[in-house]
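In: Pasting the sequence and the predicted model now:
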Amino acid sequence: MKSVQEITENIRKFCDERGWSHSSPTGLLTATFSELGELAEHYQWQKEFKEFTEEEKKEISYEFVDVLWYLFRLADKSGIDIEKAFDEKFPKLAKKFPVGCDPKKQHEEYRKNGKNRLYE
């Protein structure tokens, strides 16, 4: 399995080889939303998860790749290290949402104190 860093480097190389180095943030975000819409079509109107056929799984997996491609590209062009961000964010999420927490109470705290204060 490739690391996020390896995937990011592969995307960067792929884009550089094709002269796609001048993407704008707006262009990358718009493309991400477009691909996310294509992914959403596979789940539209479903109230719960269903068993997909192997062919459906393949199509859906490619839509996930398209979405992640643009997100990784946007992060890379923005100088964001996604692996580092994950490593920093998970302990904060664990603090914000401890095991056994009451989701309703957490949401009330979030609204009362502001989202960033919950990460302190």
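Out: The structure has been received and is ready for your questions.
In: What distance do you get for Phe33 to Lys47?
Out: 24 Å (Cβ to Cβ, to the nearest Å). All C-beta spots, glycine's among them, are computed from the backbone N, C-alpha and C.
In: buried ones in the helix ranked longest in the chain?
Out: Ranked by residue count and defined by DSSP state H, the top helix of the chain is helix 54-77. For helix 54-77, a neighbour-count test (16 or more other Cβ atoms under 10 Å) marks 60, 63, 66-77 as buried.
In: who's in contact with it?
Out: Contact with helix 54-77 is made by 4, 7-8, 11-12, 15, 23, 25, 28-29, 31-32, 35-36, 38-39, 42, 52, 81-82, 85, as judged by Cβ atoms under 8 Å, 6 or more residues apart in numbering.
In: I'd like to know which of the residues you listed are buried.
Out: Buried members of the contacts of helix 54-77, scored by 16+ other Cβ under 10 Å, are 4, 7-8, 11-12, 15, 28, 31-32, 35-36, 39, 82.
In: Tell me which of the residues you listed fall in strands.
Out: Mapping these onto strands (DSSP state E) picks out no residues; all lie outside.
In: And those residues, which is closest to Lys95?
Out: Nearest to Lys95, judged by Cβ to Cβ, of the buried ones among the contacts of helix 54-77 is Ile82 at 20.6 Å.
In: hang on, the earlier thing: tell me the one of the buried residues of helix 54-77 nearest Arg111?
Out: Leu71 (27.3 Å).
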